[in-house]
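Novice: From the sequence below, what's the structure:
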Amino acid sequence: MEHLWRFLRVLREDLYAARRRDPAARTLLEVALAYPGVHAVWAYRVAHRMWREPALRLPARLLSQAVRAATGIEIHPAALLGRRLFIDHGMGIVIGETAVVGDDVVLFHGATLGGKAMRRGKRHPTLGDGVVVGAGAKILGPVWVGDGAQIGANAVVVKDVPAGATAVGVPAVVRSRPVASPLTEHVEDPALYI
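Specialist: Predicted coordinates:
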């Protein structure tokens, strides 16, 4: 029973993360019913749990493909996703099998956490906590993106990005993060969540 309550707390965190990060979200009910990124993350959480049981791997893959057809977001059930992941708009998101995503990450539409080699083993990126990946960005191979890094829209990242840095361009060039970033999170009025 404790596992069920823990699972429900994680699902609730996903709702609040979307509500907090999307200024267009008016209510938690709207987020729960109309946000395909939230639906894809919730389905991933079920598929990932199934993936951990060898006999359920095929059903886990089938669930992930059904969710892909419904939402346009493909998340392999073997990927490791942290808490409070927010996928904004979502269409075209791809998260590969060996990808690791930290807590409080934001992915915009068209982002790919993909591989660049056709071999077994770690072939997808690892994102630290608080990373923001812009629309259309591609992070390819077993690269590491440090905590708080930002990946610009349409960037193609094939090398590690240090914590707090911004990577832009094709191929991506790492730049220092500005001291006062407009994307810096701030404490919001708790009344927004009532």
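
Novice: Following the lowest-mean-pLDDT helix or strand in the chain in sequence, what is the next regular element?
Specialist: Within the chain, no helix or strand scores below helix 2-21, which has a mean of 86 by mean pLDDT, DSSP states H and E. Tracing the chain C-terminally past helix 2-21 and defining elements by DSSP states H and E, one meets helix 28-34 next.

Novice: Rounded mean pLDDT for that following helix, please.
Specialist: The average of the pLDDT scores along helix 28-34 is 91.

Novice: same check, this time on stretch 40-58
Specialist: 95.

Novice: so where's this protein uncertain?
Specialist: 177-194 (pLDDT under 70).

Novice: rewinding a little: buried sites along the least confident helix or strand of the chain?
Specialist: 14-15, 17-20 (16 or more other CB atoms under 10 Å). All C-beta atoms are positioned from the backbone trio N, CA, C, and that covers glycine.

Novice: Just name whatever secondary elements that helix is in contact with.
Specialist: For helix 2-21, the packing partners by 3 or more CB pairs under 8 Å, 6 or more residues apart in numbering; DSSP states H and E come out as helix 28-34, helix 36-51, strand 86-88.

Novice: Using PDB, list the CA coordinates for it.
Specialist: Output of helix 2-21 as PDB, limited to C-alpha atoms (Å, rounded to 0.1, in the frame of the first residue of the first chain):
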ATOM      1  CA  GLU A   2       2.900   2.300   0.800                       C
ATOM      2  CA  HIS A   3       4.100   1.900  -2.800                       C
ATOM      3  CA  LEU A   4       0.800   3.100  -4.100                       C
ATOM      4  CA  TRP A   5       0.800   6.200  -2.000                       C
ATOM      5  CA  ARG A   6       4.400   6.900  -3.000                       C
ATOM      6  CA  PHE A   7       3.400   6.500  -6.700                       C
ATOM      7  CA  LEU A   8       0.400   8.800  -6.300                       C
ATOM      8  CA  ARG A   9       2.700  11.500  -4.700                       C
ATOM      9  CA  VAL A  10       5.000  11.300  -7.700                       C
ATOM     10  CA  LEU A  11       2.100  11.700 -10.100                       C
ATOM     11  CA  ARG A  12       0.900  14.700  -8.000                       C
ATOM     12  CA  GLU A  13       4.400  16.200  -8.200                       C
ATOM     13  CA  ASP A  14       4.200  15.900 -12.000                       C
ATOM     14  CA  LEU A  15       1.000  17.900 -12.000                       C
ATOM     15  CA  TYR A  16       2.400  20.600  -9.800                       C
ATOM     16  CA  ALA A  17       5.600  20.800 -11.800                       C
ATOM     17  CA  ALA A  18       3.600  21.500 -15.000                       C
ATOM     18  CA  ARG A  19       1.300  24.000 -13.300                       C
ATOM     19  CA  ARG A  20       4.300  25.800 -11.800                       C
ATOM     20  CA  ARG A  21       6.400  25.900 -15.000                       C
END
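
Novice: From the chain's centroid, how far away is that helix?
Specialist: 15 Å (CA atoms, centre = their mean, to the nearest Å).
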